[in-house]
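**Q** I'll drop the sequence and a predicted model, then ask my questions.
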Amino acid sequence: MGFAKNKFLIAACLTLMVALVFVSNAGAHFTWVLLPEPGSRQFAVVFSEGLHPDNPDYLSRLADSPVIVHGPDGKSTVVALQLAEDKLVGEIPKDFDAIALEIPVTWGVIERGGERFLLKYRALGLLDLDRASSLKFTAASAAAPALELSRSENKLVVKASVGQAPMGEAQIKVIGASEPQELTTDSQGLATWNHAEANVYGLFVKASHQEEGQHNGQPYAEVRTYATLSVRLAVSTDATDEPVAPFQSVVENEPGIDLPELPFGITSFGAARIGDAIYAYGGHTGSAHSYWNTSQSNQLLRWDLNSANGSWEAIAEGSHRLQGLAMVGYGDRLILVGGFFAKNAEGEPHQLHSQDQVSVFDTVTKQWSDLPALPSGRSSHDAIVHGDKLYVVGGWNMKGSEATIWHDTALVMDLKAANPTWVELPSPGFERRALALAAFEDKIFAVGGMERQGTPTRRTSIFDTTTQRWSHGPELVGTQDMVGFGAACWELDGKLVATTYDGSVQVLSEDQKQWRNVGQTSNARFFHRMLPLRPGQLVLFGGANMESGKFTRPEVIRWVTTESTSGRTPGSNANR
């Protein structure tokens, strides 16, 4: 991928060492700016080893530090921070054209090894690499040593310099999803890095110089400054890597693509494709984290892909209003697995109950029936059909005022058996909900979700249907674990594709050892569904964004460089 060369400066003090870090695993903590998610103007500041929340105990020492929002032509404004659990949050003014965020911090005098030094941090979050060359800092910053970053072809170029003098032989460490690297600058202070993933990366600079002074009455003889930078980089592919075509997004109708709006916004619903129709059932229609009986849908919606008007229609109602369910397609039948319903009315304390019911809707006869119930109530799980077997993984059992039980089991049912029954799979070794399930190359992939301790995860777990064993897969690309929360996953043209909370489109590598970021959806969403639409296309529908709310308009993603060569019938079941 070709890129125009772009350069920017990171202010520091006198620098002796340069390191480039991707989600650093070093033991030292620094001040970092966490960039806004795509489509959002909210950012965060953390005191951490890398680009993620960590130790909240020191945030009070950062809370009063101003965040300078830099725009073009030297324009700037100041934003205050608010404490939010393990991070500080701020918002870029809607009418301000922001290029970068900067937070300078004077930590105080530290005594270590008999030496007393003044410790400072300077965190920078770069929002627009293409316009970074237009940034203008204060006179003190402009005179300081700098890191200079540029993009050329498929390479990331880092230049280390002190004033106008390049830093030759500077050691640059690279830590990322692939194997760690160490780069050394040449005599011109330049080092190149073939980055293979689109992601948010961090840089830090340690700077120190001898200077005597006092801070708050405490003397020091040295000043040490750690300047950090966070920047979002586009995908670049090394010639030695497998080529992966990027995705593009379609949000408006065009020849061959009609995108009817859902009749209402929904999250945490079930969806499946059978033949030339896409179906959706249930889901949450109310405000986030507020549940009551009529805020949950019991409608079965159908999108007839061959219909001239191309609209969604309600074709049936189920016995329960549900959300957090899974729905799969098998032959002409839709199978609804579990879910939860709210017994309380609006404004009353929550009475949420996971259910064990497994319902079947025959799309030909339009009749409901039942399959054997789950061993216990289960919601916020996912299900997938592979061959003639129905797999269920993850979730929890909510029982109103009683304690919620997280499921540590995975289940399978042989749908072709004369008397289908649920059988426990070998233990998956995790307890997760809000995950995505996909069948790919005789394996079941459990992607992302939230773990029992209440933290989201980017982990992938893999069940081999041949060996009947679980194994650990690669983590989704991202600097925040929220990326894996409420994701969707599906196979397209022999590739496993995931769409995530931050809007990234990720593809599993051929050796299944890493996810690679290959595009961005127009609308970042989670708790949505993703299904095959036309050859070479996947359609995303439903779901929500924390800033925008629920989406009714579907979105199509497709390979940029290919018209589909897939002649296979698209799969029939969706994921959550």
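**A** Cool, got the structure.
**Q** Residue 277 contacts residue 304, correct?
**A** Yes: under the criterion of Cβ atoms under 8 Å, residue 277 makes contact with residue 304 at 5.3 Å. All C-beta atoms are positioned from the backbone trio N, CA, C, and that covers glycine.
**Q** OK, contacts around the nearest residue to residue 86 once chain neighbours are set aside?
**A** Closest residue in space to residue 86, ignoring its immediate chain neighbours: residue 53 at 3.8 Å, by Cβ to Cβ, 6 or more residues apart in numbering. Counting by Cβ atoms under 8 Å, 6 or more residues apart in numbering, residue 53 makes contact with 44, 46, 85-87.
**Q** Residue 53: what secondary structure?
**A** Here residue 53 is recorded as coil under DSSP: H, G, I helix; E, B strand; the rest coil.
**Q** Can you tell me the element residue 279 falls in?
**A** strand 277-281 (DSSP states H and E).
**Q** How many residues are close by residue 487?
**A** 29 (other Cβ atoms under 10 Å).
**Q** gap between it and residue 279?
**A** 21 Å (Cβ to Cβ, to the nearest Å).
**Q** Same check on residue 94?
**A** In terms of Cβ to Cβ, residue 94 sits 39 Å off from residue 279.
**Q** The two: which has the busier surroundings?
**A** Remark: of residue 94 and residue 279, residue 279 carries more neighbours, 24 against 6, as counted by other Cβ under 10 Å.
**Q** Looking at strand pairing, list the partners for the more buried one.
**A** residue 272, residue 302 (DSSP bridges).
**Q** With residue 463 instead?
**A** residue 444, residue 470.
**Q** Might you calculate how far stretch 330-344 sits from the centre of the chain?
**A** Relative to the centre of its chain, stretch 330-344 is centred 27 Å away, using Cα atoms, centre = their mean, to the nearest Å.
**Q** sorry, back to before: got a list of contacts for the strand holding residue 279?
**A** 262, 266, 269-273, 297, 299-305, 312, 318, 322, 325, 327, 329, 334, 336, 363, 529, 531, 533, 539, 541-542.
**Q** tell me the mean pLDDT over it?
**A** Averaging pLDDT along strand 277-281 yields 98.
**Q** Can you tell me which of the contacts of strand 277-281 are buried?
**A** 262, 266, 269-273, 297, 299-304, 312, 318, 322, 325, 327, 329, 334, 336, 363, 529, 531, 533, 539, 541-542 (16 or more other Cβ atoms under 10 Å).
**Q** Those residues in strands, which ones?
**A** Among the buried ones among the contacts of strand 277-281, the members falling in strands (DSSP state E) are 270-273, 299-304, 312, 327, 329, 334, 336, 529, 531, 539, 541.
**Q** Tell me which residue lies nearest the centroid of this structure.
**A** With the centre of the chain defined as its mean C-alpha position, the nearest residue by Cα atoms, centre = their mean is residue 483, 1.9 Å away.
**Q** Now do residue 360: how many residues are near it, please.
**A** If you count neighbours by other Cβ under 10 Å, residue 360 ends up with 14.
**Q** Repeat that for residue 364.
**A** The burial count for residue 364: 9, using other Cβ under 10 Å.
**Q** and the gap between it and residue 398?
**A** For residue 364 relative to residue 398 (Cβ to Cβ), the value is 34 Å.
**Q** Likewise for residue 382?
**A** Residue 382 is 16 Å from residue 398, by Cβ to Cβ.
**Q** So for these two, which residue has more residues nearby?
**A** residue 382 (31 against 23).
**Q** That one contacts residue 324, correct?
**A** No: between residue 382 and residue 324 there is no contact under Cβ under 8 Å: 10.0 Å.
**Q** and the closest residue to residue 116 other than its chain neighbours, backbone torsions?
**A** Sequence neighbours aside, residue 220 is the residue nearest to residue 116 in space, at 4.8 Å (criterion: Cβ to Cβ, 6+ apart). When read as degrees, to the nearest 10, the backbone of residue 220 gives phi -150, psi 160.
**Q** ditto for residue 288
**A** Torsion angles, degrees, to the nearest 10, at residue 288: phi -60, psi 140.
**Q** just to revisit the earlier point, and the least confident of the contacts of residue 53?
**A** residue 85 (82).
**Q** tell me what the particular helix or strand that has residue 497 in it is packed against?
**A** Following DSSP H and E, one finds residue 497 within strand 495-499. Using 3 or more Cβ pairs under 8 Å, 6 or more residues apart in numbering; DSSP states H and E as the contact test, the elements touching strand 495-499 are strand 436-440, strand 443-451, strand 488-492, strand 504-508.
**Q** Counting neighbours, what do you get for residue 32?
**A** With other Cβ under 10 Å as criterion, residue 32 counts 31.
**Q** Would you confirm that it contacts residue 51?
**A** Yes: assessed by Cβ under 8 Å, residue 32 is found in contact with residue 51 at 5.6 Å.
**Q** what residues do those two have in common as contacts?
**A** Joint contacts of residue 32 and residue 51 (Cβ under 8 Å, 6+ apart) are 202, 230.
**Q** Mind listing what's buried along stretch 109-120?
**A** Here stretch 109-120 shows 109, 117-120 as buried, counting by 16+ other Cβ under 10 Å.
**Q** Check stretch 503-523 too.
**A** 503-509, 512, 514-523.
**Q** re the thing from before, just say helix, strand or coil for the residue nearest to the centre of the chain.
**A** Criterion first, three-state DSSP; result for residue 483: helix.
**Q** again, but for residue 73
**A** Under three-state DSSP, residue 73 comes out as helix.
**Q** One more: residue 535?
**A** coil.
**Q** follow-up on the earlier one: list the contacts for the nearest residue in space to the residue nearest to the centre of the chain that is not next to it in sequence?
**A** In this structure, residue 483 finds its nearest non-sequential neighbour in residue 500, 4.8 Å apart by Cβ to Cβ, 6+ apart. Residue 500 sits next to 448, 476, 478, 483-484, 487, 506, 526 when contact means Cβ under 8 Å, 6+ apart.
**Q** and of those, the nearest to residue 184?
**A** residue 478 (28.9 Å; Cβ to Cβ).
**Q** Assess the claim that that closest one and residue 504 are in contact.
**A** Yes: if you go by Cβ under 8 Å, residue 478 and residue 504 touch, sitting 7.0 Å apart.
**Q** correct me, but residue 481 touches residue 457?
**A** Yes: Residue 481 is in contact with residue 457 according to Cβ under 8 Å; the separation is 5.5 Å.
**Q** how much space is there between residue 502 and residue 190?
**A** 31 Å.
**Q** So which of the contacts of residue 53 wins on neighbours?
**A** residue 46 (25 neighbours).
**Q** Can you verify my assumption that that one contacts residue 54?
**A** Yes: counting by Cβ under 8 Å, residue 54 is a contact partner of residue 46 at 6.3 Å.
**Q** what sits in contact with each of these two?
**A** residue 86.
**Q** which residues of this protein fall in helices?
**A** Ranges of helices in the chain, per DSSP state H, are 139-143.
**Q** Domains in it, by residue range?
**A** Segmentation of the chain into domains, based on automatic domain parsing, reads 9-233, 247-559.
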